[in-house]
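Asker: sequence unknown, structure follows:
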């Protein structure tokens, strides 16, 4: 699936910081990833790890002030989205890169008919006339599986259920056939049965339109179902980045291992679910070493002294942990010798 | 929906209630002192209180002494704000007038708040038909546009300072009642009140010892903002000749007599108006600041 | 919607009855005997007794109230104590003037208030915003009777570009309407600003941005429509203050409207006139409130769910 050689979206060293009275919060602190056509990349992590800020940064939707992209590049088809003008950026939003948000209940404008909310993007980006745009909006509603779309298009959001609203959001995001779709927790607010339908819908539309999808989620179940590759974020960093099956089969980073251990497993008899002890460091005051060190069962002095790099292993899995470096083996050997 | 979640106050109230009292007050004071506008408001109010208390010491002349030889003198070093058509020193009259305006304002608000709080507490606490009866009556009082209820009251009581105080106080009653009722309903729902009741507290204890202290903040905010409105209304009624009567140095009355000299001696009307405006401004910005300080949603 | 209007209409009936009761009752509190007042000084006992009988003042209070209520509904507001003319006739002459003044004032309140609020909200905490908000704070703090006099002094006395008083041409409307509308405009500006800032934080505004909507379109199409819903209620409430304010403004600018009639009648202790004037002004306010509620309901369809 990821054969096409050049990625459509490349994020390099992206840093998004918030400058507040309390100090600088490094919500996203130097992350890299790329996305190919037709690929689905999952970004997972706990709330506050920076995954949503990452997605908002790509579209430059960070509330500013206090937020600011402090460094790095977001390369989309050769353009750096960090530096292009606001006008150019606007032409990318909703047109070439679209976004679906977490809260379908509040993410639609309550006073505008949903059809208008879809048509608006078409008129803006595709130079469609009023009538053509409306017809296309109705078509989109049909595409996302809303029954009697002509009638629904004229309705306002309060007349629609949560699942339907999320379908409208998807229709709106896909109206201009974007090349990249960012889905920020698209199913979190929905019932379990609706969740599956929405994910199925996104997957189906992805196959038809061939776009790249970034799936932001805290739900590893969603990742397993939809993603080709996964980037695990922790405290503003990506700490593990690998094809989905490899992450699930053989998680490397102690944090990823902890996350997977905390999942209920159907096939095994578990006495209790594992939880990760300790808490995430404050974004205002990041430790000098590995950000997970204080919670890590394998912590060593070096973990507290210096931050490890995200290093690619032989099998293509990238992991940010001293355990997978030469330094670690040398150190361990030394310690063995001392004993 | 999120809209509803935002208006749901009780959660917030429980949070502040669980805090120890001193830190609550400290928190509040620190927010209030951080709010520069509120501090300006407080300083203005304190200044007027000072003036009202020490008017006899501060006033350079007797505010009532008529001296026709000195009439209509424009502002000068002798008379900083000039003299009126009867030769009285305007500055001295304004200084004395602060006692009247502050006095009317505070009395009227206490009067309105007293009855409003009682009605609001009863309506909110007992609910059912008592609530709907009281609140319907309040609605009727609110159906009179603005100052007209006060006017109707004055038309029967007759003009005069005390009657104006009663009239403007009376039309504050429904506003206090509404706010107190709303807050009472919120506090009443808290588990803490159930706990107190299960310990055998009677209604009066619950209302005055447990509910009232918890709803003081909206009452204080409303009271401060009402002071602004009440002072304006009372001065307005005096301006119409329905409140304080000449030769009283009430600001509205002074302004009214200055009207006739707007062409030749505009300062007679300018200074009393300024005095009212600045005092009302003080109460308004202080009230705004209080509201921000009390509003837990503003806390970081 | 129709159901709502009907229900809301039914709700106003007790309010109207309540208002008439309050007006009636307050007049009963007048010290002194209305029959004596009406008969004038030095009238004989027989005359007073005759008047008392004629007015039905001997009967129980509640009966008198029902009499009053039925005659009010028949359009009979009694006669002026001063010139014995029907109160309603005088009101019908005065009311259109006050309605006209109120119309222009509320126009100023709405247009000026909303425009200022939007300007403020577009760039919060900027110099523009701070300036507008300080002016608005002044707007709610200045006494209208003083502000009116200052306007009169500046535009009519100093610059001599506007008439001092009276009610003849459109030029006469400007200063009174500005005086009366300014306070409301300040409140509407503050409300529009805070409502707009609240709306700008909403998820659907982020959605619109993510769609690539131009910032100006976001403000006017996506923001304003939502932000103005709560402002409608404030405008309605302001109308009450404004109607009350006509009392002062009409007195300052010598406009022979309803407000001035009430004040003059209080001075002359012409109670039926006061009664009639207060009642009519209150009824106008009740009707305006009704309209505002219906408008609010119409624009805020979301509450239909609850």
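Answerer: Here it is on my side, so go on. Since the structure is predicted, the reported quantities are computational estimates derived from the model, not experimental observations.

Asker: Closest residue of the stretch 101-250 of chain C to chain B?
Answerer: Using CB to the nearest CB, the single residue of the stretch 101-250 of chain C nearest to chain B is residue C:244, 2.1 Å away. Backbone N, C-alpha and C define where each C-beta goes, glycine included.

Asker: does that residue really touch residue B:148, like I thought?
Answerer: Yes: counting by CB atoms under 8 Å, residue C:244 touches residue B:148, with 5.1 Å between them.

Asker: Between these two, which has more neighbouring residues?
Answerer: In this view residue C:244 and residue B:148 are compared by other CB atoms under 10 Å in any protein chain shown, and residue B:148 has more residues nearby, 27 against 24.

Asker: Relative to chain C, how far out is the more buried one?
Answerer: Shown here: residue B:148 relative to chain C, a distance of 5 Å by CB to the nearest CB, to the nearest Å.

Asker: pretty sure that residue is in contact with residue C:279, am I right?
Answerer: No: if you go by CB under 8 Å, residue B:148 and residue C:279 don't touch, sitting 9.7 Å apart.

Asker: Tell me who's in contact with residue A:250.
Answerer: Applying CB atoms under 8 Å, 6 or more residues apart in numbering or on different chains to residue A:250 gives the contacts residue A:317.

Asker: and it, what pLDDT?
Answerer: At residue A:250, the predicted lDDT confidence score is 85.

Asker: Distance check, it against chain C.
Answerer: Residue A:250 is 36 Å from chain C, by CB to the nearest CB.

Asker: which regions of the stretch 201-306 of chain C lie under the pLDDT threshold?
Answerer: Low-confidence segments of the stretch 201-306 of chain C (pLDDT under 70): C:301-306.

Asker: before we move on, what about chain B?
Answerer: Within chain B, the ranges that satisfy pLDDT under 70 run B:1-24, B:27-28, B:31-32, B:295-300.

Asker: Which residues of the stretch 1-150 of chain B lie near chain C?
Answerer: Residues of the stretch 1-150 of chain B lying close to chain C (CB under 8 Å from any CB of the partner chain) are B:2-3, B:136-137, B:139-141, B:143-149.

Asker: Which helix or strand contains residue C:64?
Answerer: Element membership of residue C:64 [criterion: DSSP states H and E] is helix C:61-73.

Asker: close to chain B, is that helix?
Answerer: No: Helix C:61-73 lies apart from chain B when judged by CB under 8 Å from any CB; the minimum separation is 14.4 Å.

Asker: Identify each buried residue in that helix, please.
Answerer: Of the residues in helix C:61-73, C:64-65, C:68, C:72 count as buried by neighbour count, 16 or more other CB atoms under 10 Å in any protein chain shown.

Asker: quick revisit: now do the contacts for the residue of the stretch 101-250 of chain C closest to chain B.
Answerer: Taking CB under 8 Å, 6+ apart, we find residue C:244 in contact with B:144-148, B:151, C:281.

Asker: one more time with 7 Å, if that's ok
Answerer: Residue C:244 is in contact with B:145-148, counting by CB atoms under 7 Å, 6 or more residues apart in numbering or on different chains.

Asker: Without its sequence neighbours, what residue ends up closest to it?
Answerer: Nearest in space to residue C:244, with sequence neighbours left out and distances taken as CB to CB, 6 or more residues apart in numbering or on different chains, is residue B:146 at 2.1 Å.

Asker: which element is the one you found on?
Answerer: Counting by DSSP H and E, residue B:146 is found in no helix or strand.

Asker: Please report the distance of it from residue A:225.
Answerer: The gap separating residue B:146 from residue A:225 is 63 Å, by CB to CB, to the nearest Å.

Asker: So for these two, which residue has more residues nearby?
Answerer: Using other CB under 10 Å, the more surrounded residue of residue B:146 and residue A:225 is residue B:146, with 25 against 17.
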